[in-house]
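[1] predicted model follows, preceded by the sequence.
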Amino acid sequence: MKIVQVTYTAKAEYAEQNQANIKKVMSDLQELAHPGIFYNTCVKADGKTFIHTAFFKEAENEQVLFALESFKSFQQQLKASGPEAAPVSEQLSLVAASKEIFG
């Protein structure tokens, strides 16, 4: 399993568009229903700091996400918006979970 967490802070005036772009990615992932991807995004109380957490059953499943046009567009628009804090990516290791992710 590969787990990636990305955190960044968007400009306040871009936060709403960023949420719309994220929702498009999630809609495409839901439609795709790939069994090896579990991806979620949260926003902090400030409304502009986003935390994306992606679980991939196999490392190569990450390429499925990267190939989505909506994901490419999301990344391009975020970069062009000039975030207050640039995205920072971290690899995580699962200790335990309340439910089986890839059951």
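    Nice, thanks for sending it over.

[2] bridging residues for the most centrally placed residue in the chain?
    For the chain, residue 52 is the residue whose C-alpha lies nearest the centre (Cα atoms, centre = their mean; 3.9 Å). Beta bridges link residue 52 to residue 6, residue 41 when assigned by DSSP bridges.

[3] list the contacts of it.
    4, 5, 6, 7, 22, 39, 40, 41 (Cβ atoms under 8 Å, 6 or more residues apart in numbering). Where you see a C-beta, it was placed from the backbone N, CA and C, and this is true even at glycine.

[4] neighbour-wise, which one of those residues leads?
    Neighbour counts for the contacts of residue 52 (other Cβ atoms under 10 Å) peak at residue 22, which has 20 neighbours.

[5] verify the stated contact: it with residue 41.
    Yes - shown here, residue 22 and residue 41 form a contact pair, counting by Cβ atoms under 8 Å, at 5.0 Å.

[6] overlap in contacts, those two.
    Residues touching both residue 22 and residue 41 by Cβ under 8 Å, 6+ apart: 50, 52.

[7] buried ones in the top helix by length along the chain?
    Taking DSSP state H as the criterion, the chain has its longest helix at helix 15-32. In terms of neighbour count (16 or more other Cβ atoms under 10 Å), helix 15-32 has its buried residues at 15, 18, 19, 21, 22, 24, 25, 29.

[8] for the closest residue to the third one other than its chain neighbours, what are its contacts?
    With Cβ to Cβ, 6 or more residues apart in numbering as the criterion, residue 19 has its nearest non-adjacent residue at 7.1 Å, and that residue is residue 43. With contact set as Cβ under 8 Å, 6+ apart, residue 43 has these partners: 15, 19, 49, 50, 51.

[9] now with 10 Å?
    Taking Cβ atoms under 10 Å, 6 or more residues apart in numbering, we find residue 43 in contact with 10, 15, 18, 19, 22, 49, 50, 51.

[10] name the nearest of these relative to residue 81.
    residue 10 (6.4 Å; Cβ to Cβ).
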